[in-house]
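1. sequence below, structure please.
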Amino acid sequence: LKKADLIIGAEAAQNTTGKYIQLDSRITDPYNAMIRANQQIEKWSIYSGSLTWMATVSQNASDGTIQNAYLAKIPYTYWAGNEATPVNVRDTLNFLDKFDDEKLFVKVGMELYLQNGPVVLEKIKELGHKVFLDLKLHDIPNTVYGATKGLAQFKVDILTVHGAGGYEMLAAAKRGMVEGGSPDTNVIAITQLTSTSEEAMKEEQLVAASLEESVINYAKLAKKAGLDGVVSSVWEARIIRENCGEDFLKVTPGIRLETDEVGDQKRVATPTVAASEGSTHIVVGRSITKAKNPREVYNLIKEQFIK
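-> Reported below is the predicted structural model:
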């Protein structure tokens, strides 16, 4: 063996937000020790093992050891289009590159996950972001248990299941995540979708209770089953807190800025109102993703919610 590749990890970049890094001897010494221990190699090709860091290395001409090494941050746009993965992953990663110095909580919904599979979770996690996996699982308890146990390997931060699945299914969902090795994943229940009005709920679901009563019923059921919280509209967050406590997650979609169109949502609110009503997390999609300057809108929403 006369030639070999040496892949430099990106461990030096883990504790910095800088885009250009010079590696010091604490990083390069182990690599140089390995080079010296393999004198039979005449040529070392040295490069970065990270998709988002490019390595530039100068070597000692006599023994091939590293003299200087630099890492430069590069956006996913440089490589994502060449990946053998569907366009959705590419577009997602390119979009997230706008936030390269911000650690986000990224929602992965059914469209993105079902078209691309677990690779999208792995790539988002690789960027250091948290993942809200919004799959809204709803099936018999044994099936949901198997699904969450399998999903546990990806260590997502929040996973959704449907409250309408009932107590046994909800308990099975949490048990599967714990037994699969991810006890820190928050499993939360969908109550009533924010696209559902009270009139539609009564007519189409034949629910005699008010929408608020239905949401509270699902919240109490989820808490009893050992879940970590629920998804509701902002307008039920306060009463959920009163019934289920401060630590019970109240994740509220249907968030719009005052200038935004409502779209297909029925029960919407601004970030400021969400904060005042007791939401612990807000889910914001189109207001940011469709904006001309997504980063600017993200910062505005963040400022309004976290005061």
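
2. residues near the nearest residue to Y218 once chain neighbours are set aside, how many?
-> Nearest non-adjacent residue to Y218, counting by Cβ to Cβ, 6 or more residues apart in numbering: G163, 3.5 Å away. Heads up, the C-betas are built off the backbone N, CA and C, glycines and all. For G163, the tally of surrounding residues (other Cβ atoms under 10 Å) stands at 29.

3. hang on, G163 packs against I190?
-> Yes - counting by Cβ atoms under 8 Å, I190 is a contact partner of G163 at 5.7 Å.

4. between the two, which contacts overlap?
-> Any residue near both G163 and I190 by Cβ atoms under 8 Å, 6 or more residues apart in numbering counts here, and that gives Y218, V230.

5. that older thread, and the residue nearest to Y218, what does it touch?
-> With contacts taken as Cβ under 8 Å, 6+ apart, G163 has the following neighbours: L170, A189, I190, T191, Y218, A219, L221, A222, V230.

6. what's the closest of those to N116?
-> Closest approach between these and N116, by Cβ to Cβ: I190, at 22.2 Å.

7. could you count how many residues lie near the closest one?
-> 23.

8. now I306
-> The local packing of I306 (other Cβ under 10 Å) involves 9 other residues.

9. now do T148
-> Applying other Cβ under 10 Å, we find 25 residues neighbouring T148.

10. phi, psi of it?
-> phi -70, psi -30 (degrees, to the nearest 10).

11. state the distance from it to K266.
-> From T148 across to K266, the span is 29 Å (Cβ to Cβ, to the nearest Å).

12. and what of H281?
-> Relative to K266, H281 is positioned 20 Å away (Cβ to Cβ).

13. just K123 next, same as before
-> Relative to K266, and taking Cβ to Cβ, K123 is found at 33 Å.

14. which residue ranges of the stretch 151-300 of the chain form strands?
-> With strands called from DSSP state E, counting those that start in this stretch, the stretch 151-300 of the chain shows them at 158-162, 186-190, 229-231, 249-252, 281-282.

15. as a markdown table, these with mean pLDDT and distance to E203 would be great.
-> Shown next, in a markdown table, are those (pLDDT from 0 to 100; distance: least, Cβ to Cβ, whole Å):
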| stretch | mean pLDDT | distance to E203 |
| --- | --- | --- |
| strand 158-162 | 98 | 20 |
| strand 186-190 | 98 | 19 |
| strand 229-231 | 98 | 22 |
| strand 249-252 | 97 | 24 |
| strand 281-282 | 96 | 29 |
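
16. let me have those strands in CSV, extended by distance to I21.
-> What follows is the strands of the stretch 151-300 of the chain, written out as CSV (distance: least, Cβ to Cβ, whole Å):
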stretch, distance to I21
strand 158-162, 32
strand 186-190, 34
strand 229-231, 39
strand 249-252, 36
strand 281-282, 33
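
17. which of those strands sits most buried?
-> Most buried of the strands of the stretch 151-300 of the chain by mean neighbour count (mean count of other Cβ atoms under 10 Å) is strand 229-231; its value is a mean of 27.

18. and for that one, what are the contacting residues?
-> With Cβ under 8 Å, 6+ apart as the test, strand 229-231 has contacts from 160, 163, 186, 188-191, 215, 218-219, 222, 240, 244, 248-253, 280, 283.
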